[in-house]
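>>> Just the structure for this:
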Amino acid sequence: MPVLNFLDNTFAVDSPAGQDKSRLENRTGELGSGSVGMQVMSQICLVGDGPVVLALAELLASDRVSYKFTTRILVDLFPAESTFLDNLKKQYQALQQQEESSIKGGRHSRRARAEAGADTPAAFLSGLEAVLNGSIPVDPRRVLLRENVLVQSLEEFENDNSRELTQSFVLACSATAYGAFLDRMHPHLSEGSTVILLGAPLFAAYEFKYQLAKRCPGMQVNVLEMDEPFSVAAAQQPDGAVARYLAAPCSRANVAGATLNETRRSLWLASQLCPEIIPASGLIERALLDAQSVLRPVFLLSALFGARVDYLSDVSRLLNRANLSLLVEIEQELSALAQAVHSQPVDFARSLREEVDVRSEAQGPVCDVTLAEAIVSIAGRWFAGHAGQWSYPLAQQYLALYVGDYLVPLAQLGQLLGVKTEALNSVITLAGAVNGVNYQSTGRRLPGFGLSRQSVLDMTMSHGLGY
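Presented below is the predicted three-dimensional model:
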């Protein structure tokens, strides 16, 4: 693990950030004077769609982290156009032009920040209120005005002389998008690069490495699966105002790499995204600890069947005896699966309490919190990012994501190990009926990313550990 001197915020040579700094010092003359301001910064690429990339950029560019980062948001990596990323790019370009005009006109660039509302007393007070509530205020214009935040197309990234110093990548996208990412970005990955997969489903690290091996045989990168470090909700804004967001951080996040060495090498970056990192014994245990990804599709189905998609902004309103009984059955099935892979029993209530954000007050020992109480007190913010925007197609889209990416591999793992997952399979079947898709055949399948039955069995015999 990297050694960090917290007194002067310098990098150890054996950390990726320290290696970036060494490369910068060696290449100062080659890059020119324009890169002087980046000589003490580690460079990181953010890949994803939606306000989560803004929340990540705000976090990594702020003084909340131990390292100094130059953060790049890449906007055109995937074939399908993203309205959010397209608007983000336009806003970034407009703000940069505004900054240049201010400088050419002899005005200090902070005036542009004031005109954008980034330095106003109102913004400052809203930030204080958010901190008191344990949230991180995310103002897009304020984030985009930071000197160490860049919004780039792939062409701009490739034309940037300092791109070779980018050794770290954070992917906040679906596992099915890893291949599309690597199609365009694999020339820019190098030996020892660090890749964090946020909100990763079961065996996402293996899938990423399998896709990479098809494009760059023999290349070794450090891939780490990580729970989502925070949830992002849209803050209420007056009509016509630019949307702002609040990121509610989790108090801890489970992580796991494809091997123990990859986990160790990646912890320096994961620790910047969440205050407390808990390495799981392996990829299977980390997936079983991810209670949110199992519970969310059940509530999506409840909302779709009851024609109450607007209730998704507070899923506790959807809780009833029927879906609670179903969740208890799924918990028992996953506990049997955990026993088969020599992992700790699955406890949804405990997992929810451990992932609770820092705003929540202590509610006694974890073991005394029932599943229903945990859902009511914690899960209300899960889908808050789309408050007031929920529709039947949007709910179907999220249902397809969670069922195809998360539940199908868990059910296949149970089938491989001879563990019955009838309740879990019922959720997959019902989701298929709602969306008109057979997820058992179209979802993420273990052979599809290089995992044979024997390799999974070998993994379970070694408690999911690798070296």
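
>>> so where's the stretch 151-300 of the chain shaky on pLDDT?
Low-confidence segments of the stretch 151-300 of the chain (pLDDT under 70): 233-242.

>>> Now do the end-to-end distance for stretch 64-76.
One end of stretch 64-76 sits 28 Å from the other (CA to CA, to the nearest Å).

>>> Next: stretch 399-412.
18 Å.

>>> and for that stretch, what are the contacting residues?
174-176, 201-203, 287, 290, 293-294, 296-297, 300-301, 304, 334, 337, 421, 424-425, 427-428, 431-432, 434-435, 437, 439-440, 442-446 (CB atoms under 8 Å, 6 or more residues apart in numbering). All C-beta atoms are positioned from the backbone trio N, CA, C, and that covers glycine.

>>> Average pLDDT for it, rounded please.
Over the span of stretch 399-412, the pLDDT mean works out to 93.

>>> quick check, distance from it to the centre of its chain.
17 Å (CA atoms, centre = their mean, to the nearest Å).

>>> Now do the SS call for Q43.
Local secondary structure at Q43 is given as strand here, using DSSP: H, G, I helix; E, B strand; the rest coil.

>>> I'd guessed it sits against S168; true?
Yes: A contact is recorded between Q43 and S168 when judged using CB atoms under 8 Å, the distance being 7.2 Å.

>>> what ranges do the strands span in the stretch 151-300 of the chain?
Counting by DSSP state E, counting those that start in this stretch, the stretch 151-300 of the chain has strands at residues 166-172, 194-198, 222-226, 230-235, 244-249, 253-257, 277-279.

>>> so what does the strand or helix carrying I428 touch, helix or strand wise?
In this structure, I428 sits in helix 422-435 according to DSSP states H and E. When contacts are defined as 3 or more CB pairs under 8 Å, 6 or more residues apart in numbering; DSSP states H and E, helix 422-435 packs onto helix 291-305, helix 321-340, helix 392-402, helix 408-417, helix 439-442.

>>> For the strands of the stretch 151-300 of the chain, give me JSON lines that also has mean neighbour count and distance to S62.
Conversion of the strands of the stretch 151-300 of the chain to JSON lines gives the following (neighbours: other CB atoms under 10 Å; distance: least, CB to CB, whole Å):
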{"stretch": "strand 166-172", "mean neighbour count": "23", "distance to S62": "15"}
{"stretch": "strand 194-198", "mean neighbour count": "25", "distance to S62": "18"}
{"stretch": "strand 222-226", "mean neighbour count": "27", "distance to S62": "19"}
{"stretch": "strand 230-235", "mean neighbour count": "20", "distance to S62": "13"}
{"stretch": "strand 244-249", "mean neighbour count": "22", "distance to S62": "11"}
{"stretch": "strand 253-257", "mean neighbour count": "26", "distance to S62": "18"}
{"stretch": "strand 277-279", "mean neighbour count": "17", "distance to S62": "19"}
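
>>> hmm, back to that, including distance to S101 and mean neighbour count, could the helices and strands packed on helix 422-435 go into CSV?
Supplementary listing: those in CSV, determined by distance: least, CB to CB, whole Å; neighbours: other CB atoms under 10 Å:
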stretch, distance to S101, mean neighbour count
helix 291-305, 45, 22
helix 321-340, 56, 17
helix 392-402, 39, 17
helix 408-417, 52, 21
helix 439-442, 51, 15
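
>>> returning to what we had before: adding distance to L324, write the strands of the stretch 151-300 of the chain out as CSV.
What follows is these, written out as CSV (distance: least, CB to CB, whole Å):
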stretch, distance to L324
strand 166-172, 30
strand 194-198, 29
strand 222-226, 28
strand 230-235, 22
strand 244-249, 24
strand 253-257, 24
strand 277-279, 27
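
>>> quick one: buried residues of stretch 430-446?
Buried residues in stretch 430-446, defined by neighbour count with 16 or more other CB atoms under 10 Å: 430-432, 434-435, 437, 439-440, 443-444, 446.

>>> Now for those residues: which two are most distant?
Longest distance between any two of the buried residues of stretch 430-446 is 24.4 Å, between V434 and L446; criterion CB to CB.

>>> residue nearest the centroid of this protein?
L198 (2.9 Å; CA atoms, centre = their mean).

>>> Give me the domain ranges for the protein.
Taking automatic domain parsing as the reference, the chain has its domains at 16-279, 290-461.

>>> Measure how far the shortest one is from the centre of its chain, please.
Translated: domain 290-461. Its chain's average C-alpha position is 17 Å from that of domain 290-461, according to CA atoms, centre = their mean.

>>> Show me which helix runs longest in this structure.
Among all segments of the chain classified by DSSP state H, the helix with the greatest residue count is helix 83-104.

>>> Show me what that helix is packed up against.
When contacts are defined as 3+ CB pairs under 8 Å, 6+ apart, helix 83-104 sits against helix 52-61, helix 110-115, helix 140-144, strand 149-152.

>>> Of those, which stretch is the most buried?
With neighbours defined by mean count of other CB atoms under 10 Å, none of the helices and strands packed on helix 83-104 is more surrounded on average than helix 52-61, at a mean of 25.

>>> what's the angle between it and helix 83-104?
Relative orientation of helix 52-61 with respect to helix 83-104: 40 degrees, computed using axes from the mean of the first three to the mean of the last three CA atoms, to 10 degrees.

>>> ok, back up a step: in the longest helix of the chain, which residues are buried?
The neighbour-count check on helix 83-104 (16+ other CB under 10 Å) flags 85, 88-89, 91-92, 95, 98-99, 102 as buried.

>>> which stretches of the stretch 1-150 of the chain have low pLDDT?
Going by pLDDT under 70, which is the cut-off in play, the stretch 1-150 of the chain has low-confidence ranges at 1-41, 81, 103-135.

>>> if you set the cut-off to 80 instead, what comes out?
Screening the stretch 1-150 of the chain residue by residue with the criterion pLDDT under 80, one finds the ranges 1-41, 63-64, 79-82, 99-137.

>>> Determine the number of other residues adjacent to the closest residue to V223 other than its chain neighbours.
Leaving out its chain neighbours, the residue that sits closest to V223 by CB to CB, 6 or more residues apart in numbering is A205, at 4.4 Å. By the other CB atoms under 10 Å criterion, the neighbourhood of A205 contains 27 residues.

>>> now do E276
10.

>>> I'd say D49 and C173 touch.
Yes: when contacts are counted by CB under 8 Å, D49 is listed as touching C173 (6.7 Å).

>>> Need the residues touching each of the two.
Both D49 and C173 are in contact with F78, where contact means CB under 8 Å, 6+ apart.

>>> could I get the helices and strands packed on helix 83-104 as a markdown table with distance to L327?
Rendered in a markdown table, the data for the helices and strands packed on helix 83-104 read as follows (distance: least, CB to CB, whole Å):
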| stretch | distance to L327 |
| --- | --- |
| helix 52-61 | 26 |
| helix 110-115 | 47 |
| helix 140-144 | 36 |
| strand 149-152 | 40 |
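
>>> Of these, which is nearest V376?
Between V376 and those, the shortest separation by CB to CB is 25.0 Å, and it involves helix 52-61.

>>> Let me know the next secondary structure element after that closest one.
Next helix or strand after helix 52-61 toward the C-terminus (DSSP H and E): strand 69-74.

>>> just checking, what packs against that following strand?
Identification of packing neighbours for strand 69-74 by 3+ CB pairs under 8 Å, 6+ apart yields strand 42-48, helix 52-61, strand 149-152, helix 154-158.
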